[in-house]
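Trainee: missing the sequence, but the structure's below:
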């Protein structure tokens, strides 16, 4: 016996509340990125020992490294909108951890070494596979994996330019 004296209804309601809280956490992440990459607000959403990784943008271990990564992003991406959809969240029976998957459509202005003068209009797509942890009653990101499918100039599209600056 697990020692959990809550009723089945209480457990189900708690699970639904956790799912909604995790959805809000992901929305808060998008909003903080879209607000001129508010690195403090983004980093505060992550556990101290969290990891943010991607197939394109590297691996960043720990809240401080995640802060540094986000803080530097606004120089090359002065305008961005994250559209995160298709949330699938599975809360562990303990209610202390969860896994989630999301789809991302992102539009942005990018001013990097591959950009024309004034920057490029860029459209990107990715999937997120995240894990979450509840500490002291609050949900945090534990591990974010962003798997980019394409990052393309809008005038080129993904059929002609899967990843900007590469021949892939």
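Mentor: Ah, there it is. What you are looking at is a predicted structure, and each value in this text was computed from that prediction instead of being measured. Residues are numbered from 1 along each chain as shown.

Trainee: mind listing the helices in this structure by residue range?
Mentor: 8-34, 39-43, 63-76, 157-160 (DSSP state H).

Trainee: Where do the strands of this protein begin and end?
Mentor: In the chain, strands defined by DSSP state E lie at 46-54, 58-61, 79-91, 97-110, 120-135, 138-153, listed in chain order.

Trainee: doesn't residue 164 make contact with residue 114?
Mentor: Yes: contact criterion Cβ atoms under 8 Å: residue 114 and residue 164 qualify, at 5.1 Å. C-beta here means a position set from N, CA and C on the backbone, and glycine is covered the same way.

Trainee: what's the overlap in contacts for those two?
Mentor: With contacts taken as Cβ atoms under 8 Å, 6 or more residues apart in numbering, residue 114 and residue 164 have residue 120 as neighbours in common.

Trainee: Of the strands of the chain, which is nearest residue 4?
Mentor: Closest approach to residue 4 among the strands of the chain (Cβ to Cβ): strand 79-91, 13.9 Å.

Trainee: Quick check: buried residues in that closest one?
Mentor: Residues 80, 82, 84, 87, 89, 91 are the ones in strand 79-91 that count as buried (16 or more other Cβ atoms under 10 Å).

Trainee: Next, the contact list for the last one, please.
Mentor: Shown here is residue 91, whose contacts under the criterion Cβ under 8 Å, 6+ apart are 15, 18, 19, 22, 97, 98.

Trainee: in the sheet, who's paired with it?
Mentor: Beta bridges link residue 91 to residue 98, judged by DSSP bridges.

Trainee: where's it relative to residue 35, distance?
Mentor: Applying Cβ to Cβ, to the nearest Å, the value for residue 91 to residue 35 is 28 Å.

Trainee: Could you do residue 9 as well?
Mentor: Distance of residue 9 to residue 35, computed by Cβ to Cβ: 38 Å.

Trainee: So which of those two has more stuff around it?
Mentor: Counting neighbours by other Cβ atoms under 10 Å for residue 9 and for residue 35 shows that residue 35 has the greater number, 12 against 8.

Trainee: pLDDT value on the residue nearest to that one when sequence neighbours are not counted, please?
Mentor: Using Cβ to Cβ, 6 or more residues apart in numbering and skipping residues adjacent in sequence, the residue nearest residue 35 is residue 41, 7.3 Å away. Note for residue 41: predicted pLDDT of 96.
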